[in-house]
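Peer 1: fold the following.
(2 chains)
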Number of protein chains: 2
Amino acid sequence: MAEHLQREIREMKKAILEIGAVVEESLHKAVKALQERDEKLAKSVIDNDVEIDHMEVDMEEECLKVLALHQPVASDLRLIVSILKINNDLERIGDLAVNIAERAAFLATQNAIDIPLDFPLMAEKTKAMLRKSLDALVNGDSRLAYEVCAADDEVDAINRQMYLQVQDAIRRHPDRVESLIHLLSVSRHMERIADHATNIAEDVIYMTEGEIVRHRTEDYPSQSRRV
Amino acid sequence: MAEHLQREIREMKKAILEIGAVVEESLHKAVKALQERDEKLAKSVIDNDVEIDHMEVDMEEECLKVLALHQPVASDLRLIVSILKINNDLERIGDLAVNIAERAAFLATQNAIDIPLDFPLMAEKTKAMLRKSLDALVNGDSRLAYEVCAADDEVDAINRQMYLQVQDAIRRHPDRVESLIHLLSVSRHMERIADHATNIAEDVIYMTEGEIVRHRTEDYPSQSRRV
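Peer 2: The predicted model follows:
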């Protein structure tokens, strides 16, 4: 029975990483669509979301099945509950990638905005956070997970910076207000993706160390909230 | 043992409703602070968030304890997993109320914006959704839960409307761009609170009917995503 449970757990880890890989691909494409003004690519991200939704539902069912059949305790139970939560975060990252793709599809139809913004840096940092949180999950590596938590502050800072940059741009180019507000939305979606990656990292820390680090403002001075 | 589990479940339901009540109060105060330009009230919402954070962590620990000790199956298991997820949604609604309060605190220091916006209607609808999702949870009332899911489309529509209204206001009053962008953020926070209330309602439907309704675009035509 215990061996059977361990096999199930290995399968669940594999499955959650597969969802992670699909979500990562979706985010990568959404950012690329935005940067290269590629409406077709943006639409492929939107169309593909239904696959992620199905994966999430299947994963949750699997977690419930394993909980009911094997009645795990201690670290196995903690792992399965963490997978349930990570599953949720991944699905929402998928939704946010769709939100970015929707903005990208719109912006591709408008004149390009020739204003320097910190967006590429923000996108790189956010994608790296998601990558690292998944690596931390595979390897049960809490050190890597702590790095993700720390990086969240940097993304928050860039997001605040983007607000100022966009406000300034609107003042100088009031005729471009619509496109600029769409860009601001992208910045916020990105910041929320970074928050979800942080949630995943916090769950990895909980899984590996049994410590609840979320809401611990003393550890991450400027990360007082997760949303 | 089974009786003991039922007693624990009753306690858990009571505890999640207590969190719901505190979160609801927080949202109510944040909206009031915004509407009455009350910086002090806004700050009290921000300070109070730590209480919600603690409640969330305690609730999750309680869920894990009950899962480990009682190894529930079938509807009891489903209920506890739903409480885990609802707990998460409530905590995030608390965070979003703080985000609104932060904007309210800032806006209270600026000149009032004398532009008619659909904000009060949006706030009313969102608060009603949260209220109803909690009532649906207490009473295991899936009919009420379906109403919450349907109302989400209305809040989404108002949010889109707010985008257009704010863009238009920025064009006409470019000197107020900063305050107007803050108002736009409030609108988005509100829309996300409505999404979380919808998540809660979907979990109530799952608890009571065993049906996963999320991602079912055919049921709620314009609610294709939860974020």
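Peer 1: quick one: name whatever helix or strand follows the one helix or strand residue A:164 maps to.
Peer 2: Element membership for residue A:164 (DSSP states H and E) is helix A:142-172. Following helix A:142-172 in sequence order, the next helix or strand is helix A:177-209 (DSSP H and E).
Peer 1: so that following helix versus helix B:142-172, what angle?
Peer 2: 130 degrees (axes from the mean of the first three to the mean of the last three Cα atoms, to 10 degrees).
Peer 1: mean confidence (pLDDT) on helix A:177-209, please.
Peer 2: The pLDDT scores in helix A:177-209 average 93.
Peer 1: go through that helix and flag the buried ones.
Peer 2: A:177-208 (16 or more other Cβ atoms under 10 Å in any protein chain shown). The way it works is simple: take the backbone N, C-alpha and C, and place the C-beta from them, glycine included.
Peer 1: show me what it is packed up against.
Peer 2: helix A:74-107, helix A:119-139, helix A:142-172, helix B:142-172, helix B:177-209 (3 or more Cβ pairs under 8 Å, 6 or more residues apart in numbering or on different chains; DSSP states H and E).
Peer 1: give me the distance from that helix to the chain's centre.
Peer 2: 6 Å (Cα atoms, centre = their mean, to the nearest Å).
Peer 1: next one: stretch A:41-54
Peer 2: 15 Å.
Peer 1: do stretch A:153-168 as well
Peer 2: The answer for stretch A:153-168 is 18 Å, by Cα atoms, centre = their mean.
Peer 1: give me the low-pLDDT residue ranges for chain A?
Peer 2: Within chain A, the stretches with pLDDT under 70 are A:1, A:216-227.
Peer 1: OK, contacts around residue A:171?
Peer 2: By Cβ atoms under 8 Å, 6 or more residues apart in numbering or on different chains, the residues touching residue A:171 are B:174, B:177.
Peer 1: how does it look with 6 Å?
Peer 2: residue B:177 (Cβ atoms under 6 Å, 6 or more residues apart in numbering or on different chains).
Peer 1: with residue A:134 instead?
Peer 2: residue A:20.
Peer 1: go with 7 Å
Peer 2: A:17, A:20, A:24 (Cβ atoms under 7 Å, 6 or more residues apart in numbering or on different chains).
Peer 1: hmm, the second one is touching residue A:90, no?
Peer 2: Yes. Using Cβ atoms under 7 Å, residue A:20 makes contact with residue A:90 at a distance of 5.8 Å.
Peer 1: ok, these two, which is more surrounded?
Peer 2: residue A:90 (29 against 23; other Cβ atoms under 10 Å in any protein chain shown).
Peer 1: quick check: residues of chain A near chain B?
Peer 2: Residues of chain A lying close to chain B (Cβ under 7 Å from any Cβ of the partner chain) are A:53, A:57, A:64, A:67-68, A:71, A:73, A:77-78, A:81, A:84-85, A:88, A:92, A:95-96, A:98-99, A:167, A:170-171, A:174, A:177-178, A:181, A:212, A:215, A:225-227.
Peer 1: distance between the helix or strand where residue A:4 lies and the chain's centre?
Peer 2: Here residue A:4 sits within helix A:2-35, counting by DSSP H and E. Centroid separation for helix A:2-35 versus its chain: 12 Å, with Cα atoms, centre = their mean.
Peer 1: buried residues in it, which are they?
Peer 2: Buried-residue list, helix A:2-35, by 16+ other Cβ under 10 Å: A:5, A:8-9, A:12, A:15-17, A:19-20, A:22-24, A:26-34.
Peer 1: helices or strands up against whichever helix or strand comes after it?
Peer 2: As assigned by DSSP H and E, the chain's next helix or strand after helix A:2-35 is helix A:39-70. Using 3 or more Cβ pairs under 7 Å, 6 or more residues apart in numbering or on different chains; DSSP states H and E as the contact definition, the elements that helix A:39-70 packs against are helix A:2-35, helix A:74-107, helix B:74-107.
Peer 1: closest one to residue B:153 among those?
Peer 2: helix A:74-107 (16.0 Å; Cβ to Cβ).
Peer 1: and the angle from that closest one to helix B:177-209?
Peer 2: 130 degrees.
Peer 1: tell me which residues of helix A:74-107 are tucked away?
Peer 2: A:76-105, A:107.
Peer 1: what packs against it?
Peer 2: Secondary-structure packing of helix A:74-107 (3+ Cβ pairs under 7 Å, 6+ apart): helix A:2-35, helix A:39-70, helix A:177-209, helix B:39-70, helix B:74-107.
Peer 1: residue B:137 is nearest to which of these?
Peer 2: Among those, helix B:74-107 sits nearest to residue B:137 (Cβ to Cβ), with 6.8 Å.
Peer 1: any idea how far chain B is from residue A:205?
Peer 2: 14 Å (Cβ to the nearest Cβ, to the nearest Å).
Peer 1: for stretch A:120-132, which residues meet the burial criterion?
Peer 2: A:122-123, A:125-132.
Peer 1: how far off centre is that stretch?
Peer 2: With Cα atoms, centre = their mean as the basis, the mean position of stretch A:120-132 lies at 9 Å from the chain mean.
Peer 1: same check, this time on stretch A:35-55
Peer 2: Relative to its chain's centre, stretch A:35-55 lies at 15 Å (Cα atoms, centre = their mean).
Peer 1: buried residues of it, list them for me.
Peer 2: A:38-39, A:41-43, A:45-46, A:48-49, A:52-53, A:55.
Peer 1: what is the most widely separated pair among these?
Peer 2: Checking the buried residues of stretch A:35-55 with Cβ to Cβ, the most distant pair is A:39 and A:55, at 25.7 Å.
Peer 1: next, count neighbours for residue A:167.
Peer 2: Residues near residue A:167, counting by other Cβ under 10 Å, number 17.
Peer 1: gap between it and residue A:183?
Peer 2: According to Cβ to Cβ, to the nearest Å, residue A:167 stands 12 Å off from residue A:183.
Peer 1: one more: residue A:109?
Peer 2: From residue A:109 over to residue A:183 (counting by Cβ to Cβ), the distance is 14 Å.
Peer 1: next: residue A:36.
Peer 2: Residue A:36 sits 15 Å away from residue A:183, going by Cβ to Cβ.
Peer 1: please name the nearest non-neighbouring residue to residue A:117.
Peer 2: Excluding its sequence neighbours, the residue lying closest to residue A:117 (Cβ to Cβ, 6 or more residues apart in numbering or on different chains) is residue A:165, at 5.4 Å.
Peer 1: and that neighbour, how close does it get to chain B?
Peer 2: Distance, residue A:165 to chain B, by Cβ to the nearest Cβ: 12 Å.
Peer 1: done for today, thanks.
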